[in-house]
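# below is the sequence, then the predicted model.
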Amino acid sequence: EGPGGDDIVIEVDRSGSYSRNEVLRDKDFEQMSIEEQASAKALLRQGLEVLQEIPTRRFRTDRRGRRYDLRRSMQLMLRTNGQLIEIARKTRRHRPPALVLISDISGSMSGYSRMFLQFAHALSSRQQRVHSFVFGTRLTNITRWLAERDVDQALARVASEVRDWDGGTRIADCLERFNVDWGRRVLSGRA
């Protein structure tokens, strides 16, 4: 109470403490409004540093590299009449690993499959090797269709081409088809 018996009201500014990202991170896709889905799409585009790059067997020139590059050092010596002025160095190249995404598009997963396909499209558009498959009663490779620049056109193409959307599901048969038909092609090289 104040000196005259009045109640003192303290107002707290909480404008800097709210984060829409935190709300979207824990929310179920089926409970999202259209505005929240648009915000989630924007978040997908912004922060897709999902996997660390893996080292390859190849090397690239690097001034601070840990290995000596004998071939490049010899080329530099030829330019300076056989005098070794600078020792060339090299380091390993790194590349993002290939990803294989398999999504269930049966009726029970319809609320999640569209957002998952938007995630797959966002990964595909970042110059990363992504192989995308969907299954319900049969397995369908949708990698080419997700190469479309516009996400809505890509998903419309997928929805028009995939015949078993929102139907039943045959998980074991579809995974067997993946292993037989696609496993060796897309799972090689640390995918």
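Okay, I see it. Residues are numbered from 1 along each chain as shown.
# how close does Val180 get to Thr143?
18 Å (CB to CB, to the nearest Å). Where you see a C-beta, it was placed from the backbone N, CA and C, and this is true even at glycine.
# and those two? which has more neighbours close in?
Thr143 (16 against 10; other CB atoms under 10 Å).
# where does that one sit: helix, strand or coil?
coil (DSSP: H, G, I helix; E, B strand; the rest coil).
# what does Arg93 give?
Classification of Arg93 using three-state DSSP returns strand.
# quick one: neighbours of Ile171, just the number.
11.
# which strand residues bridge Phe59?
Judged by DSSP bridges, the bridge partners of Phe59 are Arg92.
# is it true that it touches Arg66?
No. Using CB atoms under 8 Å, Phe59 makes no contact with Arg66, being 10.5 Å away.
# overlap of the contact sets of those two?
Thr91 (CB atoms under 8 Å, 6 or more residues apart in numbering).
# more neighbours, the two?
Taking other CB under 10 Å, Phe59 and Arg66 do not tie; Phe59 has more neighbours (16 against 9).
# against Ile102, how distant is the more buried one?
For Phe59, the distance to Ile102 equals 34 Å [CB to CB].
# ok, now Gln128?
16 Å.
# tell me the buried residues in stretch 123-132?
Neighbour counts over stretch 123-132 (16 or more other CB atoms under 10 Å) mark Leu123, Ser124, Ser125, Gln128, Arg129, Val130, His131, Ser132 as buried.
# I figured the third one hits Ala154, correct?
No. Under the criterion of CB under 8 Å, Ser125 lies out of contact with Ala154, with a separation of 9.1 Å.
# so, low pLDDT: which residues of the chain?
By pLDDT under 70, the low-scoring segments of the chain are 1-34, 36-37, 40-51, 126-127, 189.
# so which residue is dead centre in it?
Leu123 (3.5 Å; CA atoms, centre = their mean).
# quick one: the buried residues of stretch 123-132 as TSV, columns for distance to Arg170 and secondary structure too.
Formatted as TSV, these follow (distance: CB to CB, whole Å; DSSP: H, G, I helix; E, B strand; the rest coil):
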residue	distance to Arg170	secondary structure
Leu123	26	helix
Ser124	26	helix
Ser125	30	coil
Gln128	29	coil
Arg129	28	coil
Val130	24	strand
His131	20	strand
Ser132	19	strand
